[in-house]
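Engineer: Below are the sequence and a predicted model for it; my questions follow.
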Amino acid sequence: MTKQLRAYNKIAQAIDYIEQHFKQQPSLDEIAASVHLSPYHFQRMFTQWAGVSPKKFMQFLSIEYAKKRLSEFPESLLDTALQTGLSGASRLHDLFINIEGMTPGDYKNGGAQLVIEYHWQESLFGAIFTASTDRGVCHVEFVESIELGIQHLSERFPNALLIEALSDHSQQVLDFLTQTPAADSKISLHIKGTAFQLKVWQALLQVPQGSLASYSDIAQSIGSASASRAVATAIANNNVAFLIPCHRVIKASGHFGQYRWGETRKLAIIAWEGARECR
């Protein structure tokens with residue numbers, strides 16, 4: 001286990017502890033003790049991982065923070081795309097991530113036409129499994145073992161030729177997790193979905209880093225204001241973790257809600273992105 005993953009595991013435990021004891025406003029000493037570390041070592045490890053102190057990081061985990069971000073969010077995500085521009089860490093995902101929907105021929109007979117390269121390794125937010133075709137990333141998930149990742153990929157593409165390899169596309173994903181992409185960086189996604197799902201996923205790409213949107217925000221942005229439930233279903237069916245930022249969609253009440261890859265991981269990603277945006 002790498003130092004980075006050990007740090008994430010400790011931080012995930014700390015987040016769980018804070019969630020359970022937030023009414024008591026636990027001190028640094030109490031949080032550190034909950035993960036069996038000295039306050040000094042915990043603070044140092046936490047700051048190296050998150051870029052901010054534990055106290056600052058916890059501000060990004062509060063419902064008050066979430067409500068503030070929701071209230072600041074423009075009514076139209078498309079307006080955000082026009083106003084953000086290319087500078088800073090808040091550049092929109094859709095400036096450097098391109099979605100290409102698979103054609104029926106791509107996944108005909110369970111993906112018999114596809115050659116998919118897959119890779120599993122530890123990352124900033126736990127072990128991650130990535131897979132790509134020659135046209136782009138087709139699958140990203142946080143998963144505890146390579147065997148489980150292969151199982152999930154095989155369920156989606158039972159007849160594809162699966163090859164273990166670190167493709168250029170997968171390397172881009174790993175780079176994306178740790179740094180702001182360069183202006184000329186482009187990540188291609190080659191994904192399977194209905195026309196409605198692709199529309200929802202494209203809308204998610206327009207939510208800036210450090211910002212949050214509600215399900216109704218996404219529904220309105222695609223011209224289907226009454227389709228919040230269908231939007232939620234499409235978000236739940238997203239098979240490209242982090243790159244398609246479904247973690248940035250929360251309940252209108254400010255509660256963070258569930259996440260396919262774990263509620264604690266969702267909180268960690270949201271707060272980490274908030275911390276990066278405020279640097």
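Structural biologist: In hand now; what should we look at?
Engineer: going forward, measure contacts between C-alpha atoms and count neighbours the same way
Structural biologist: Noted.
Engineer: which residues touch the one helix or strand Tyr65 maps to?
Structural biologist: Using DSSP states H and E, Tyr65 sits in helix 63-72. Around helix 63-72, the neighbours that count as contacts under C-alpha atoms under 8 Å, 6 or more residues apart in numbering are 59-60, 211-214, 252-256.
Engineer: Can you get me the centre-to-centre distance for the helix or strand encompassing Glu100 and its chain?
Structural biologist: Counting by DSSP H and E, the element that carries Glu100 is strand 97-101. Computed by C-alpha atoms, centre = their mean, to the nearest Å, the chain-centroid distance of strand 97-101 equals 16 Å.
Engineer: now that strand: mean pLDDT?
Structural biologist: Across strand 97-101, the average pLDDT comes to 87.
Engineer: Spatially, which residue comes closest to Leu162, not counting chain neighbours?
Structural biologist: Ile116 (5.0 Å; C-alpha to C-alpha, 6 or more residues apart in numbering).
Engineer: and that neighbour, how many neighbours?
Structural biologist: Neighbours of Ile116 under the rule other C-alpha atoms under 10 Å: 23.
Engineer: Is it correct that it falls within a helix?
Structural biologist: No - if the criterion is DSSP: H, G, I helix; E, B strand; the rest coil, then Ile116 is strand and not within a helix.
Engineer: would you list every one of the helices in this protein?
Structural biologist: With helices called from DSSP state H, the chain shows them at 3-21, 28-34, 39-50, 54-59, 63-72, 77-84, 108-111, 146-156, 168-176, 195-204, 215-221, 228-236, 263-277.
Engineer: Could you export those as TSV, including mean neighbour count and distance to Ile128?
Structural biologist: Formatted as TSV, the helices of the chain follow (neighbours: other C-alpha atoms under 10 Å; distance: least, C-alpha to C-alpha, whole Å):
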stretch	mean neighbour count	distance to Ile128
helix 3-21	17	11
helix 28-34	17	26
helix 39-50	18	17
helix 54-59	16	23
helix 63-72	17	26
helix 77-84	14	29
helix 108-111	16	22
helix 146-156	16	9
helix 168-176	17	9
helix 195-204	19	20
helix 215-221	21	26
helix 228-236	17	18
helix 263-277	20	12
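Engineer: give me the low-pLDDT residue ranges for the stretch 51-200 of the chain?
Structural biologist: 73-96, 179-185 (pLDDT under 70).
Engineer: Repeat the analysis, applying 90 as the threshold.
Structural biologist: Along the stretch 51-200 of the chain, the parts satisfying pLDDT under 90 run over 51-101, 103-113, 122-124, 172, 174-187.
Engineer: Can you give me the distance of the residue most central in space within the chain to Ala12?
Structural biologist: Closest residue to the average C-alpha location of the chain: Phe242 at 2.4 Å, with C-alpha atoms, centre = their mean. Distance of Phe242 to Ala12, computed by C-alpha to C-alpha, to the nearest Å: 17 Å.
Engineer: Kindly report the same for Ser167.
Structural biologist: As judged by C-alpha to C-alpha, Ser167 and Ala12 stand 29 Å apart.
Engineer: With Ile116 instead?
Structural biologist: 31 Å.
Engineer: For Met1, report the pLDDT, please.
Structural biologist: Met1 is given a pLDDT of 60.
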